[in-house]
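[1] I'd like to go over a predicted model; first the sequence, then the structure.
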Amino acid sequence: MFRRTLRAFKYAVFPSKCLACGRLFHPAPHRPAEKTVFKHERHDPMETVFLRVMMPYLCSACQTDFSPIEPPFCIQCGRKFKAGSGDSHQCGNCIQVPPSFRSIRSAGLYSGSLKAAIHALKYKNKVHLARSLGQLLFSSFMQYYDSRTIDYIIPVPLHASRLKQRGFNQAHMLVDHWPAISAKISRDAAVCIDYKNLIRKRKTLSQTGLGRKKRKQNVKGAFAVTDKTKIRKKQVLLIDDVYTTGSTAEECARTLMASGAAGVSVLTLARAD
Ligand SMILES: [Zn+2]
Ligand SMILES: [Zn+2]
């Protein structure tokens, strides 16, 4: 009780800086997100989940600056169809050149406050955001996938030199709390995360600023599976922060499939395209 009063007092006296627009604001005293977030959110719209988990870091205007991925979209590559109505189905690209992954889903578009939050996590060292963003990603996982059909969750790896430079792998951090979260929901939702089996064996340039073709070349042959017996005939869910052209997801999925995986699905926090 005393602690709650103290927190309310702190929020009233000391404003926070909105991570998206930089304006000072008074955050509403909030309960720890994980206590409230997972009970019903399998059915909650993503914008509601976003608002709930990001409330402490965003002013009221920026809390609603979030764009969910709404149907219709390609059921495989996830790209949104220009026509705003109709059913989701496989797009022409995926029929002509089938990707190595079964499906890609994302929590939201890479724009507005979600973009600002991912940027702050990756480039401004705001590592505390990984917990909230990881909760958002977990909600997305619950909405799009069935945890009982996934054997391993594998975050996209960084090369050792990049990891040393940044100090952390954001894709790892996004799923770090998933075992604890899923344990709170039910035994059916248990997840198994594998941080080690997929490695980035070759140093690559940052994909930022590269075109589609260059991105593809940049990651070609960059990944490897260290223990093939472990993923043979297994269903894998690959995790990344942002989907841009899909080159990284495709190359990881191709490597995993070539190593014997039964299927690879992908989940990212945001998609740019
Ligand atoms: Zn703001
Ligand atoms: Zn497609």
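    Okay, I see it. Ligands and ions are numbered 1, 2, ... in the order given.

[2] mind listing the helices for the stretch 101-250 of the chain?
    112-123, 129-144, 160-166, 170-175, 178-185, 212-219, 228-231, 247-258 (DSSP state H, counting those that start in this stretch).

[3] compute the inter-axis angle for the last one and helix 212-219.
    Helix 247-258 runs at 50 degrees relative to helix 212-219, counting by axes from the mean of the first three to the mean of the last three Cα atoms, to 10 degrees.

[4] list the buried ones in helix 247-258?
    Under the neighbour-count criterion of 16 or more other Cβ atoms under 10 Å, helix 247-258 has 247, 248, 249, 250, 251, 252, 253, 254, 255, 256, 257 buried. Just so you know, the C-beta spots here come from the backbone N, C-alpha and C atoms, and that holds for glycine as well.

[5] just the buried residues of the following helix or strand past that helix, please?
    Sequence-wise, the next helix or strand downstream of helix 247-258 (DSSP states H and E) is strand 263-271. Across strand 263-271, burial judged by 16+ other Cβ under 10 Å covers 263, 264, 265, 266, 267, 268, 269, 270, 271.

[6] hmm, who's touching stretch 85-96?
    Stretch 85-96 is contacted by residues 71, 72, 73, 74, 75, 76, 77, 79, 81 when judged by Cβ atoms under 8 Å, 6 or more residues apart in numbering.

[7] also near ligand 2: which of those residues, exactly?
    For ligand 2, the contacts drawn from these by Cβ under 5 Å from the ion are 74, 76, 77.

[8] ok, now which ones touch the second one?
    Pointing back at residue 76 there. 90, 91, 94, 98, 99, 101, 102, 103, 104.

[9] now the residues you listed: which count as buried?
    So, by 16+ other Cβ under 10 Å, the buried ones in the contacts of residue 76 are 91, 94, 99, 101, 102, 103, 104.

[10] kindly reformat the residues you listed as TSV containing pLDDT and distance to residue 129.
    Formatted as TSV, the buried ones among the contacts of residue 76 follow (pLDDT from 0 to 100; distance: Cβ to Cβ, whole Å):
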residue	pLDDT	distance to residue 129
91	94	32
94	95	33
99	95	30
101	97	27
102	97	29
103	96	26
104	96	23
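
[11] and which of these is nearest to residue 123?
    residue 104 (23.6 Å; Cβ to Cβ).

[12] flag every residue of this protein that's near ligand 1.
    So far as Cβ under 5 Å from the ion goes, the chain lies against ligand 1 at 18, 20, 21, 59, 62.

[13] ok so, going back, which of the buried residues of strand 263-271 sit farthest apart?
    263 and 270 (23.2 Å).

[14] re earlier: just the buried ones from the residues of the chain next to ligand 1, in ChimeraX syntax?
    Remark: buried members of those, expressed as a ChimeraX selection using 16+ other Cβ under 10 Å:
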select :18,20,59,62
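
[15] make TSV from the residues of the chain next to ligand 1 and add pLDDT to it.
    Formatted as TSV, the residues of the chain next to ligand 1 follow (pLDDT from 0 to 100):
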residue	pLDDT
18	96
20	96
21	96
59	95
62	96
